[in-house]
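> Predicted model, plus sequence, below.
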Amino acid sequence: MKPKPPPTIAEGAGRPRQLTRQRRISELVADDLRKRILSGDLADGELLPKQEELLEEYGISPPSIREALGILETEGLMTVQRGRIGGGVVHRPQPAKVAYMIGLVLQSRAVDLGDLVDAMRWLEPACAAAAARRPDRHTTVLPRLRANIDEGMAAIDDSDSWIRLARQFHMELVAHCGNETMSLVVGALEALWSAQVDLHAREGANHGSFSDSTTRRSMAAEHETLYRLISDGDAEGAERCVHEHYSGVSKTPAGQKHGFDHTATVDATRLRH
């Protein structure tokens, strides 16, 4: 039996405060529906109960139901589907939306790419150390890194494919480091950074410094070194390796890391493609 909000607030009671009470009722309904979405009781892509069913279930007025659904729609937990089979479509929270929102905030503050890569230089090493400490690393993160490295070496002469795989290596590392919070937060930065690489390197005329096969092979060797450190359970070594990996991108001329200008502003719109 589906939970209902406490029936302690009667709509229409006390006319001068009706709007305030309706707003509170809508929030209670939104809270209940939100919990059902986040718990999986209402699955991603599933239609919410029709308005008539919600009215009967919660025993409130249509305006309160519409306001509750509006709250959920603003939060991105549902969208209204028009047409013959219409209704509210459930959307579970997606990590990509976290990356997009962070990107929008950084873009609104005119934060440059150098600031973004500096953040990853300090945060991703912690993910590498966490991966090295995983007792199950040989069956979780390492197989994924191994597959990526092997695929990258097979595509080493194709700069476009290699750039994509190189970024995927870091995404896999963060996503399977074993700490869900770091995977979400640092993963959002990784996704945002990968979008910038797509814009400035992969779509550039010469693919930036990635057009140099020597650079690609050098970075591939760094990935291999990191893989072995994680395999050995060397958390400190893995942390240091990633920090040096990101620090190494500054070996190019000032403001030109990875062969493109890091003074450019973060562009969040790439995450919408």
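Arrived safely.

> Could I get the buried residue list for stretch 220-238?
For stretch 220-238, burial by neighbour count (16 or more other C-beta atoms under 10 Å) applies to 220, 222-223, 226-227, 229-231, 234-235, 237-238. Every C-beta, even on glycine, is put in place using the N, C-alpha and C of the backbone.

> Stretch 35-42 too?
36-37, 42.

> Work out the gap between it and the centre of the chain.
Distance of stretch 35-42 from its chain centroid, counting by C-alpha atoms, centre = their mean, to the nearest Å, is 20 Å.

> just stretch 32-45 next, same as before
20 Å.

> What mean pLDDT does it get?
Averaged across stretch 32-45, pLDDT comes to 95.

> rewinding a little: which of the buried residues of stretch 220-238 fall within helices?
220, 222-223, 226-227, 229-231, 235, 237-238 (DSSP state H).

> Which of the buried residues of stretch 35-42 sits closest to D157?
Using C-beta to C-beta, I37 comes nearest to D157 of the buried residues of stretch 35-42, at 46.7 Å.

> In JSON lines, list the buried residues of stretch 220-238 along with distance to M78 and pLDDT.
Shown next, in JSON lines, are the buried residues of stretch 220-238 (distance: C-beta to C-beta, whole Å; pLDDT from 0 to 100):
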{"residue": "A220", "distance to M78": "44", "pLDDT": "94"}
{"residue": "E222", "distance to M78": "44", "pLDDT": "95"}
{"residue": "H223", "distance to M78": "41", "pLDDT": "97"}
{"residue": "L226", "distance to M78": "41", "pLDDT": "98"}
{"residue": "Y227", "distance to M78": "42", "pLDDT": "98"}
{"residue": "L229", "distance to M78": "44", "pLDDT": "98"}
{"residue": "I230", "distance to M78": "40", "pLDDT": "98"}
{"residue": "S231", "distance to M78": "44", "pLDDT": "98"}
{"residue": "D234", "distance to M78": "46", "pLDDT": "98"}
{"residue": "A235", "distance to M78": "42", "pLDDT": "98"}
{"residue": "G237", "distance to M78": "46", "pLDDT": "98"}
{"residue": "A238", "distance to M78": "41", "pLDDT": "98"}
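
> Of those residues, which pair is most distant in space?
The largest separation in the buried residues of stretch 220-238, counting by C-beta to C-beta, is between A220 and A235 at 22.6 Å.
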